[in-house]
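> Output the structure for:
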Amino acid sequence: MKILALDSSQNLQSFAVYDTELEKFILGEAFPGKSSEIIEKLKNSFLDNKLKLKDIDLLAVNLGPGSFTGIRNALCIIKTLALELRLKVFTTNSFELLRLEKRLSDNTPIAIPAFKNNFFISLDSNYHSLKTNFFSTIATETALYEFSCDNLSELIIKLLLRKNILSDFDTLRFDPNILKPYYLREPSVGKK
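Residues are numbered from 1 along each chain as shown. Now for the predicted structure:
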């Protein structure tokens, strides 16, 4: 089984392909730039490695929080691939990935830098989150963390494997309703 993961929630855009039979990553790239470049980079990487989209058996994506546009672009790509190739999708969020990378317990309060002096905060493993300013962060004694991993797509796959999702592969399904960005509030684009 081959798993394709995408992430464009942070400053680096990334993708990775993991082969469960070989038990290794056969493809992976993280690059600075716009999330709109993912398709071209993915296409070139697939060609260079003689991979085809029909070789992919499962998709994975980070729902955020993070870059509004980046997350929307990654979700658009994943949703299109899932519908066209009839693939199942595994979703996660930035808090869960950060907890895995930093080896934190599920009840460790964490904050992820957002923009200016704002942060995304998760108070527990239920991911009840809020966007707040720096002073609220100090008041809740929430630890501030940033990703040190460049390729978050590889981290998504490691989380999927750690949760042993593949043993329950039949329970996974593609549901367009699960592919919604992890917003802290609905975007106000086009609204007055």
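> so what's the most centrally placed residue in the chain up against?
Ranked by distance to the mean C-alpha position of the chain (C-alpha atoms, centre = their mean), the top residue is Asn62 at 1.8 Å. Listed by C-beta atoms under 8 Å, 6 or more residues apart in numbering, the contact set of Asn62 reads 6-7, 9, 71, 74, 91-94, 97, 152, 156. All C-beta spots, glycine's among them, are computed from the backbone N, C-alpha and C.
> which stretch of helix or strand covers the closest residue in space to Gly33 that isn't next to it in sequence?
Nearest non-adjacent residue to Gly33, counting by C-beta to C-beta, 6 or more residues apart in numbering: Gln13, 6.1 Å away. In the assignment (DSSP states H and E), Gln13 maps to strand 12-19.
> Give the other helices and strands that the following helix or strand past that strand contacts.
Next helix or strand after strand 12-19 toward the C-terminus (DSSP H and E): strand 24-32. Here strand 24-32 touches strand 12-19, helix 38-48, helix 152-162, going by 3 or more C-beta pairs under 8 Å, 6 or more residues apart in numbering; DSSP states H and E.
> just the angle between the shortest one and helix 38-48, please?
Interaxial angle of strand 12-19 relative to helix 38-48 (axes from the mean of the first three to the mean of the last three C-alpha atoms, to 10 degrees): 40 degrees.
> cool, the last one as well?
Helix 152-162 and helix 38-48 are oriented at 70 degrees to each other (the same axes, to 10 degrees).
> about what we covered before: for the closest residue in space to the residue nearest to the centre of the chain that isn't next to it in sequence, give me the pLDDT.
Spatial nearest neighbour of Asn62, excluding adjacent residues (C-beta to C-beta, 6+ apart): Asp7 at 4.5 Å. Looking at Asp7, its pLDDT stands at 93.
> thought Asp7 was touching Ile157?
No. Judged on C-beta atoms under 8 Å, Asp7 makes no contact with Ile157 at a distance of 10.3 Å.
> Who has more neighbours out of the two?
More crowded of Asp7 and Ile157, by other C-beta atoms under 10 Å: Asp7, with 32 against 23.
> Bridging across strands, which residues link to the more buried one?
Ser14 (DSSP bridges).
> does Val61 have beta-bridge partners, and which?
On the basis of DSSP bridges, Val61 is bridged to Leu6, Thr91.
> Tell me if I'm right that it and Leu6 touch.
Yes. If you go by C-beta under 8 Å, Val61 and Leu6 touch, sitting 5.3 Å apart.
> Identify the contacts common to those two.
Here Val61 and Leu6 share the contacting residues 74, 78, scored by C-beta under 8 Å, 6+ apart.
> measure the residue nearest to Gly33 to Lys88 for me?
The gap separating Gln13 from Lys88 is 23 Å, by C-beta to C-beta, to the nearest Å.
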